[in-house]
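Trainee: No letters, just coordinates:
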């Protein structure tokens, strides 16, 4: 099965140039050519193609040569990784995200509509080039190199989810990333995975982005970690070793989940970040204990007085706390928390300095709040106060927004956390609301029929959710009868919502016209009468009629 999957992968790679050209044209130690959007695009495909050729030859090589070939494949993938901008990703997540990004990009490019490769700019005079029919862009970096942008890396998994159901352009190849995510190991599954493949097909079913066998493996590892923790805290009498042993156990769980079970996606991201956070907490605890115990031991060896021992304990607490904070701060920095800027700001003393740096502190703390709250992320379309647009960057001090008119708006984090943030990208549905005004003379039976027909039309529409669907006669005034319409549409895409809204409004108009009803026009009629003459019969004549139109 593995060989078949490798052969499938080989046949699906998007070939831009002749096979092996990259390996022949560039020295193995040379970095990929990223001097222009076209160079980056070509380098990515050439590197993945070269790695693919190595994978094709791997099963046929003697066992003593397979390890070298495997390392060659890893080296080619590591070069392909250099075509991406991972500056916005946590350092601890880089090894996993980088490998997944290469595969996700390959799967996405295999499914997008074909375009003219000669249209890719081969010059370094532009700032950005976007792949046609996508939001994937190659962006110029400060050092002049062109890489797949940080926003593109952030959105790769969500873009893949949108296109993974589509066939490859040749219509013959299955999803290699899916095979990779449901198998063991990295790129090349280990030998023991053949035992998993021999199990019934049920174990390879995908549940929440993971295979059944992976969930079972995770459950077994978690149970083993729980038993290990019980033994550590019951059997081990050394206080200093407990957190270190637990850190080793949790680190082993994360390592096995990542490199053997090969968990992917959000599950592995959460496990990796939370696992590393707990590991650094335990190491910080061990550092605190070590600092405190060391100072206490030094005081005892010198036969110090009680006062000296008390002072030594205070110093030990301070030293241990400093070690713990430093180590934990480094751990937070590895998972992407801008802790160094916060610590630097907090270390400034004095009332005058505190007042002077208040805006900076607000922005730093605001950045932490945004990171922990996760109210928005890169690529989300949000409205913040009177500003709306796509989030391009969430930094330590400020957040950058790209508005509809392509202007860039920078908002300080301190001000942003005080705003009402409306995240349209996380909307699970779109509300369809409409207020229809009928003429004031429309019969009640016609109004009732219109409301029932509109409601039936909404219920029958395939993109309308079952609840709520409301069509009611709400109010009336001098010249109109008001109908209020409310329904929820099953879409999270704004363009699709606008199309559905237009379709439903046309349907409402047809129903009204079919019932011989008319929309209300804001008209007020005033009739003025003047007495022409007075006679015995008190005759009167209508002198004039005036119609006043109110806009």
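Mentor: Yep, that arrived. This one's a predicted model, so the numbers in the text were calculated from it and none came from an experiment.
Trainee: So residue 125, which state does it fall into?
Mentor: What DSSP: H, G, I helix; E, B strand; the rest coil gives for residue 125 is coil.
Trainee: Identify the residue nearest residue 404 in space, chain neighbours excluded?
Mentor: Excluding its sequence neighbours, the residue lying closest to residue 404 (Cβ to Cβ, 6 or more residues apart in numbering) is residue 389, at 6.4 Å. All C-beta spots, glycine's among them, are computed from the backbone N, C-alpha and C.
Trainee: Could you chop this protein up by domain?
Mentor: Domain assignment of the chain by automatic domain parsing yields the ranges 2-197, 210-337, 352-425, 427-519.
Trainee: I'd like the mean pLDDT over the second one, please.
Mentor: Averaged across domain 210-337, the pLDDT comes to 81.
Trainee: repeat for stretch 459-468
Mentor: Computed over stretch 459-468, the average pLDDT equals 87.
Trainee: in that stretch, what's buried?
Mentor: Across stretch 459-468, burial judged by 16 or more other Cβ atoms under 10 Å covers 461, 463, 464, 465.
Trainee: Counting only strands, which of those make the cut?
Mentor: Within these, residues falling in strands by DSSP state E are 464, 465.
Trainee: got the buried residues of stretch 459-468 as TSV, with distance to residue 254 columns?
Mentor: What follows is these, written out as TSV (distance: Cβ to Cβ, whole Å):
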residue	distance to residue 254
461	47
463	42
464	45
465	40
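Trainee: Out of the buried residues of stretch 459-468, which comes closest to residue 38?
Mentor: residue 463 (40.4 Å; Cβ to Cβ).
Trainee: show me what contacts that closest one?
Mentor: With contact set as Cβ atoms under 8 Å, 6 or more residues apart in numbering, residue 463 has these partners: 489, 490, 491, 500.
Trainee: do residue 465 as well
Mentor: 429, 487, 488, 489, 490.
Trainee: Just the buried subset of these, please.
Mentor: So, by 16+ other Cβ under 10 Å, the buried ones in the contacts of residue 465 are 487, 488, 489.
Trainee: Can you tell me which of those is closest to residue 94?
Mentor: Using Cβ to Cβ, the buried ones among the contacts of residue 465 come closest to residue 94 at residue 489, 39.6 Å.
Trainee: so what's the closest one closest to, chain neighbours aside?
Mentor: Counting by Cβ to Cβ, 6+ apart, the residue nearest residue 489 is residue 430, at 4.7 Å.
Trainee: could you pull out the helices for the stretch 301-450 of the chain?
Mentor: 306-334, 339-347, 351-356, 358-373, 413-416, 444-460 (DSSP state H, counting those that start in this stretch).
Trainee: among those, which is the most enclosed?
Mentor: helix 413-416 (a mean of 21; mean count of other Cβ atoms under 10 Å).
Trainee: So residue 192 sits against residue 184, correct?
Mentor: Yes. At 7.3 Å, residue 192 and residue 184 qualify as touching, with contact defined as Cβ atoms under 8 Å.
Trainee: neighbour count winner among those two?
Mentor: Neighbours of residue 192 and residue 184, each counted by other Cβ atoms under 10 Å, are more numerous for residue 184; the result is 21 against 10.
Trainee: Pretty sure the more buried one sits against residue 264.
Mentor: No. If you go by Cβ under 8 Å, residue 184 and residue 264 don't touch, sitting 11.6 Å apart.
Trainee: Shouldn't residue 254 be within a helix?
Mentor: Yes. Residue state for residue 254 (three-state DSSP) corresponds to a helix.
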